[in-house]
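Trainee: dropping the sequence and predicted coords here.
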Amino acid sequence: QEQFVESGGGLVKPGGSLRLSCTASGFALGYYAIGWFRQAPGKEREGVSCITSSDGTPHYADSVKGRFTISRDNAKNTVYLQMNNLKPEDTAVYYCATGSETGWAVAEYDSWGQGTQVTVSS
């Protein structure tokens, strides 16, 4: 059965760090572009970062540029999102998704994980 699971979320104080993981089973994640999205209560799901399948080129939303780093380890079938200098406005459920190409629209991605909660609060 093909699936992928996000992990690594939690409660962290402002300025802290977390590393999210998106690990696949049953298929090779390396063939896909991967997007990280987040959804805060009452808000639409928004793209945070994405990475190409071909050469691992990363892309970042302006709101996280310089603080978040996306990377992929195809040998471990995992994509990571390193989040530093977290802010309360980063609080959301974070999702990873697979697609044929990178993009910022939810509709550009085909399969989604179940999400992991990130809460930034003092």
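Mentor: Looks like it arrived, so ask away.
Trainee: quick one: the strands in this protein?
Mentor: Listed from the start of the chain, the chain has strands (DSSP state E) covering 3-7, 10-12, 18-25, 33-39, 46-51, 58-60, 68-73, 78-83, 92-99, 111-112, 116-120.
Trainee: quick one: closest of these to A105.
Mentor: Judged by C-beta to C-beta, the one of those that comes nearest to A105 is strand 46-51, at 7.5 Å. In this view, the C-beta of every residue, glycine as well, is placed from N, C-alpha and C.
Trainee: and the residue nearest the centre of this protein?
Mentor: The C-alpha lying nearest the average C-alpha coordinate of the chain belongs to W36 (C-alpha atoms, centre = their mean; 2.7 Å).
Trainee: bridged to that one, which residues?
Mentor: Taking DSSP bridges, one finds S49, C96 as the beta-bridge partners of W36.
Trainee: and it, how far from S122?
Mentor: Distance, W36 to S122, by C-beta to C-beta, to the nearest Å: 24 Å.
Trainee: same check, this time on Q114
Mentor: Counting by C-beta to C-beta, the gap from Q114 to S122 is 28 Å.
Trainee: more neighbours: which of those two?
Mentor: Under the neighbour definition other C-beta atoms under 10 Å, Q114 and S122 were set side by side, and Q114 has more, 11 against 8.
Trainee: now tell me which helix or strand of the chain has the poorest mean pLDDT.
Mentor: Here the helix or strand of the chain ranked lowest by mean pLDDT, DSSP states H and E is strand 3-7, holding a mean of 89.
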